[in-house]
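Visitor: how would this look folded up:
(chains A and B)
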2 protein chains.
Amino acid sequence: MVRVPGVFDAERVAVVGATERDGSVGAAVMENLVEDFDGEVRPVNPSADRVFGYPCADDVAETDADLAVIVVPPEVALEVVESAGRAGIENLVVITAGFGEAGGEGAEREQELRELAETYELNLVGPNCLGVISTPSGLNATFGPRNALSGRMSFMSQSGALVTAILEWAGDRGHGFKDVVSLGNKAVLDETDFVETWGEDPETDVVLGYLEGIGDGTGFVETARDVTQETPVVVLKSGRTEAGAQAASSHTGAIAGSEAAYEAGLEKAGVIRADSTEELFDFGAMLAGGRLPGTDDVAVVTNAGGPGVIATDAIGDSDLNLATFEDGTRRTLKKALPPTANVYNPVDVIGDAPAERFGDALEAVLSDPGVGATVVIACPSAVLSFDRLAETLVEARQREDVPIAVCLMGGSSVKGPSETLSAVETPTYFDPTRAVRSLDALKRYGEIRERSYEPPASFDVDRAAAQSVLERIKTQDDNRLGIEAMELLDAYGIETPEGGIVDSPAEATALAERIGGDVVMKIVSPDILHKTDIGGVEVGVPAEAVEETYEALVARARNYQPDARLLGVQVQELIDLDHGVETIVGVNRDPQFGPLVLFGLGGVFVEVLKDTTVRIAPVSEAEAAGMLDDIDSTPLLRGARGQEPIDEEGIVETIQRLSQLVTDFPAIVELDINPLVATADGVVAVDIRLTVDPETL
Amino acid sequence: MVRVPGVFDAERVAVVGATERDGSVGAAVMENLVEDFDGEVRPVNPSADRVFGYPCADDVAETDADLAVIVVPPEVALEVVESAGRAGIENLVVITAGFGEAGGEGAEREQELRELAETYELNLVGPNCLGVISTPSGLNATFGPRNALSGRMSFMSQSGALVTAILEWAGDRGHGFKDVVSLGNKAVLDETDFVETWGEDPETDVVLGYLEGIGDGTGFVETARDVTQETPVVVLKSGRTEAGAQAASSHTGAIAGSEAAYEAGLEKAGVIRADSTEELFDFGAMLAGGRLPGTDDVAVVTNAGGPGVIATDAIGDSDLNLATFEDGTRRTLKKALPPTANVYNPVDVIGDAPAERFGDALEAVLSDPGVGATVVIACPSAVLSFDRLAETLVEARQREDVPIAVCLMGGSSVKGPSETLSAVETPTYFDPTRAVRSLDALKRYGEIRERSYEPPASFDVDRAAAQSVLERIKTQDDNRLGIEAMELLDAYGIETPEGGIVDSPAEATALAERIGGDVVMKIVSPDILHKTDIGGVEVGVPAEAVEETYEALVARARNYQPDARLLGVQVQELIDLDHGVETIVGVNRDPQFGPLVLFGLGGVFVEVLKDTTVRIAPVSEAEAAGMLDDIDSTPLLRGARGQEPIDEEGIVETIQRLSQLVTDFPAIVELDINPLVATADGVVAVDIRLTVDPETL
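Guide: Reported below is the predicted structural model:
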């Protein structure tokens, strides 16, 4: 159940701690509310009769409000919350600081706040926040210096100061908002709640967020992937780098999750990431237009060659292409433009073009069915009126559905025209590179919207057998398992080399003969981690040497560590590594997002080039296949350098089976199949290591 | 001899084609000149007596001008240029279009223009340009709508429209210029001339350029690497991408060079590249401050945690580090700041900080000897005056030499304070990410400034022997050489495997015995390109099989191509590839920048991962060593995965020797040593292919 809308749809707002004292938060909130709010404002202050002319209540319970904004000191805030809850006021914004962010007593206070919210089923924003804004009703329940312009973006921010900064800056640029919320400590309502709310809000066309952490990654992914099928979500997630994560953790007190997990989680959620504050709003303004490119091919219409080339470079850097026009389009352009104009893309309407000529060229390229989006670039000239150009572009937008990004490359003269275009959700930029990057975000959103989220496959596995392999952990001191756990993979249908563990030379020989050909022999002991280093592995042992090798392996192990528990010797089919590609499939668990599945090519590709990719489990077939496309060394799987292409489906299936295994068994903390050898004929898991948490088994 | 300054230092400016006709270029130039110029303005127009009140001359020769600006139609422009030249007017700005950019007749006209310039030794800007600006004298000889603010950046642009756009935009942001030039067709004066001029200009602190191509890459590199030792040069080079290069070539008519060559050339020149228009001026404004970070460690002082984290992420992404303060700094901060402030980096002075508290924190971190640069971030708040903060920062700047980047995260309220800071060359940004990227450019310039350009080594080589190997090309139809040219490498001291070319089985055996051990045998024929495909290569031939193998190789070659010229069979020492790393060293020639030397690891690293790096020859020792640092797979040369580190010096020397070879012989069009096998003990060139141009031999 989403209960948040009440916060933004309030009709009667109580301000608990309202005052006229200059410079106080209580006065600032009152002033902001009184300024624009269509609903009723009800100050609460037992020691005042009226505040800014409004009659004061002594207690929030007397106000009949449907939203209470709390600015009283932290010591009394809990009482107010309880009183509001008892009086049936469901929506609260706790601006007051001195909770979790202050540590110690504050953290206890925040826990009490959370409990009160649960008891009374409160939609509680904050504490320690700037407040909330909803422009349709003129609700500005913040203590910030500026209200938002109205628009179709909704914005949440884990930094209140960033909200004040953004409101000033966006206001001067004509960026408008539907709702704005400063998340504060997120004691109750968090990013997931607001994504869900705005996903259902017909007045929100794009959700923007500044986040330093996501508490419940799994819940966020689930909610956001639903929402992003209809409404784009763009997030600036800070703490990406090691230094940034440390700074974020000292700022919010939250433990930073791994960047790899956030990357995989936000990708799975269909969330577009912005790398900077400006990019967040560049993308947001473009996405608020509500239009998506029909193709990836972009037309550029410019009155200046240089900026046209700059835009073309940006297109080259993006996932978009420079459109090639149809003959008819070029003919139309030729007719409409002077002879020195360039009718190929980028279209140069020449420096002496008035707005009308831009209009003619635009009409031609917008009618070309191959053109998915357009960048219009205008440099100042004696004959070009930016105002007139803006009107022309508004008309073009009304005629055609193709997204248009506009570069008005001037100074203060572009302010009015920019606002004209903003009013019809057409973003303007100075820099052509930023305009193109924003179109690229549009394209990415188009892809997200077309995703079909198939459920992960459910393979027929032997769960009981897997359970019994994992149970072995209970009989040992160590919580790690190695090759002795290969049956775990067998149980989940992941192919392993033929072989087994034996405990006598005779058995070893018998097994080797059954396998046929040369074999690999390894000592099996949970106490010996680096088997190769002590001579505990022999590769390519012929049948006649198996007995002797068995004795040698055992002798070396005893010699190396007399008290090591020896579980026997593994005798395994020899996998021909020369005709296969070594890959790695692994899993570890992230505190926010759960199990992360990693894939990469083995050896130098993982160790030196760090060429790996990660997904959140459970992994669907499409996601697993996407992992193979992600890495740089993929051509080596696909027949580079004259090799036979390997069995990609085998890898894709192995990833999914492993994903099912770690989803079924939360006790598996870490697991690596290294190498998973892939050949043209199939894949085989040659070695395994895993860590098991006996507590959760 | 740099003759350009005359263009900017003119005292008497003739405007040939001056008129009062509304909307004409002649009127616009006159109006701009008259507006601010400290010198004299002399209109030339035989059909007018006065233009804007200034007495008209009939001919430019009568004006006694030291700069003539020409706006007459192209048909008469050449006469004017000749007249000016004859009259001793050395400096000309030809605004008139209809030259090279128009093709055909225009191109001929441009050639004549160039010849006139040579005859009369003219400093000629253009043709087909917007004009020039020099702010100290108020000279605005452009037909653009806006003059530049005065400042310490000088800007050249290959796009006139971009100049008008930038002047509007920069003017509104308080960015000022010393000189501005629209390069036009660069018939005479080009980017190299202006870089040289501004390098010697004490009033220019940073050179900015928008370029679509560099005609004489070699000359540019030579000039720019001198200039950048004292004056930073930042260039936005468009046409970086394939699409962009095509667009640039259709815009300017110039053939676009390869991006790899530009990248290597600009790097060698010490030029910093910007990726977008905004970045060009972000970097420029920061570099105009004239200060460099003493260390790579950055302090962040903010009144808002969130933007502090965003800045820290940007630092993490850059080549800078987040500074760790000395104990004393933290103690000072603790004393100066309220108890809830964060005295670790990023320093959070807390949302209620007035400008003074920013000042105190800044004083503390600027005194920390570990701090090389500072980012100050201010979000709007009730108690913070941006004006007062700007004054505080101006004072701090006067006290301390540490570069400061300032983020004023507001809207129009930051305009005044930004101008205050611009006036002391302290740039302001909205977005913390852009501020940090600009500091990163400062760091890069610091490194460029500290470069010591050692001359390339000159090895003692046998040039005559090399010449005679290359001469062989004259006796064959094909201009390619293969393994038969290994002596070329011997002549330049690049180690090759022991061996030679023989033409009988007996000689082959004798040679194999001299070499000792198994050998490699290859058919030698200029007519057989893919020797391996026809069985023309045998690896690991034991001495007893050499005769038989000789016959087999020859038989296969005859069988494959009966008319192929067989030069014999190469018998070569077998190099153990398993204990070495295969690398590639290659050369090709760029029309602008000359020979490009390429280095990378062989096989999959070059073919699949494209992990290569390129330098312009001649390559110094430091540059060659830098190539090894550049590639991602370098750890494989340095003992990754338990291998013995290979002989890096051997590779570095080989690169230099090859560089010397291709510098000595311009006839070598392309050359690949593939593989150059590197082991711990040295390097050896196993195979070679080259293309030779007999015309330049």
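Visitor: can we go C-alpha only for contacts and neighbour counts from here?
Guide: Will do.
Visitor: which of the helices and strands in chain A ranks last by mean pLDDT?
Guide: Of all helical and strand segments in chain A, the minimum by mean pLDDT, DSSP states H and E falls on helix A:242-252, at a mean of 76.
Visitor: with only the CA atoms kept, save that helix in CSV.
Guide: What follows is helix A:242-252 as a C-alpha-only set of coordinates in CSV (Å, rounded to 0.1, in the frame of the first residue of the first chain):
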residue,chain,number,x,y,z
GLU,A,242,36.0,4.9,-2.5
ALA,A,243,36.7,8.4,-1.3
GLY,A,244,33.1,9.4,-2.0
ALA,A,245,31.7,6.4,-0.2
GLN,A,246,33.7,7.3,2.9
ALA,A,247,32.5,10.8,2.7
ALA,A,248,28.9,9.7,2.3
SER,A,249,29.1,7.4,5.2
SER,A,250,30.4,10.1,7.5
HIS,A,251,27.7,12.4,6.2
THR,A,252,24.7,10.1,6.6
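Visitor: need the contact partners of that helix.
Guide: Helix A:242-252 is contacted by residues A:101, A:185, A:212, A:238-239, A:254-256, B:305-306, B:308-313, B:315-316, B:322, B:345-346 when judged by Cα atoms under 8 Å, 6 or more residues apart in numbering or on different chains.
Visitor: which positions in the stretch 501-650 of chain A make contact with chain B?
Guide: Counting by Cα under 8 Å from any Cα of the partner chain, the residues of the stretch 501-650 of chain A lying close to chain B are A:V604, A:V608, A:L609, A:D632, A:S633, A:P635, A:L636, A:A640, A:R641.
Visitor: try it again with 10 Å
Guide: Taking Cα under 10 Å from any Cα of the partner chain as the criterion, the stretch 501-650 of chain A approaches chain B at residues A:603-605, A:607-610, A:632-636, A:640-641.
Visitor: can I assume A:F177 is in contact with A:L149?
Guide: Yes - at 6.0 Å, A:F177 and A:L149 qualify as touching, with contact defined as Cα atoms under 10 Å.
Visitor: those strands in the stretch 501-650 of chain A, which residues are they?
Guide: Remark: strands assigned in the stretch 501-650 of chain A by DSSP state E, counting those that start in this stretch are A:519-524, A:537-541, A:568-573, A:581-590, A:594-601, A:612-616.
Visitor: may I see the ones you listed arranged in a markdown table, with mean pLDDT and mean neighbour count as well?
Guide: What follows is the strands of the stretch 501-650 of chain A, written out as a markdown table (pLDDT from 0 to 100; neighbours: other Cα atoms under 10 Å in any protein chain shown):
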| stretch | mean pLDDT | mean neighbour count |
| --- | --- | --- |
| strand A:519-524 | 92 | 25 |
| strand A:537-541 | 91 | 17 |
| strand A:568-573 | 92 | 24 |
| strand A:581-590 | 93 | 22 |
| strand A:594-601 | 94 | 25 |
| strand A:612-616 | 95 | 23 |
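Visitor: residues in contact with the closest residue to chain B within the stretch 301-450 of chain A?
Guide: Distances between the stretch 301-450 of chain A and chain B by Cα to the nearest Cα are smallest at A:G411, namely 4.0 Å. The contact partners of A:G411, by Cα atoms under 10 Å, 6 or more residues apart in numbering or on different chains, come to A:P380, A:F430, B:A165, B:I166, B:L167, B:E168, B:W169, B:A170, B:G171, B:D172, B:R173.
Visitor: can you do 6 Å?
Guide: Residues in contact with A:G411 (Cα atoms under 6 Å, 6 or more residues apart in numbering or on different chains) are B:E168, B:W169, B:D172.
Visitor: what parts of chain A come near chain B?
Guide: For chain A, the residues found near chain B under the criterion Cα under 6 Å from any Cα of the partner chain are A:159, A:161, A:165, A:168-169, A:172, A:238, A:241, A:243-244, A:247-248, A:251, A:304-306, A:309-310, A:312-313, A:316, A:379-380, A:409-411.
Visitor: tell me how far the helix or strand harbouring A:G359 is from the chain's mean position?
Guide: Secondary structure here is read from DSSP states H and E; on that basis A:G359 sits in helix A:355-367. The gap between where helix A:355-367 is centred and where its chain is centred comes out at 38 Å by Cα atoms, centre = their mean, to the nearest Å.
Visitor: same question, stretch A:54-64
Guide: The chain centroid and the centroid of stretch A:54-64 are separated by 43 Å, computed with Cα atoms, centre = their mean.
Visitor: compute the first-to-last residue distance for that stretch.
Guide: Looking at stretch A:54-64, the gap from its leading to its trailing residue is 15 Å under the measure Cα to Cα, to the nearest Å.
Visitor: on that earlier part again, just checking, what packs against the helix holding A:G359?
Guide: With contacts taken as 3 or more Cα pairs under 6 Å, 6 or more residues apart in numbering or on different chains; DSSP states H and E, helix A:355-367 sits against helix A:386-399.
Visitor: if we can go back for a sec, may I see the buried residues of the helix holding A:G359?
Guide: Going by neighbour count (16 or more other Cα atoms under 10 Å in any protein chain shown), the buried part of helix A:355-367 is A:A355, A:R357, A:F358, A:G359, A:D360, A:A361, A:L362, A:E363, A:A364, A:V365, A:L366.
Visitor: what residues does the first one make contact with?
Guide: The contact partners of A:A355, taken as Cα under 6 Å, 6+ apart, are A:L384, A:R388, A:L389.
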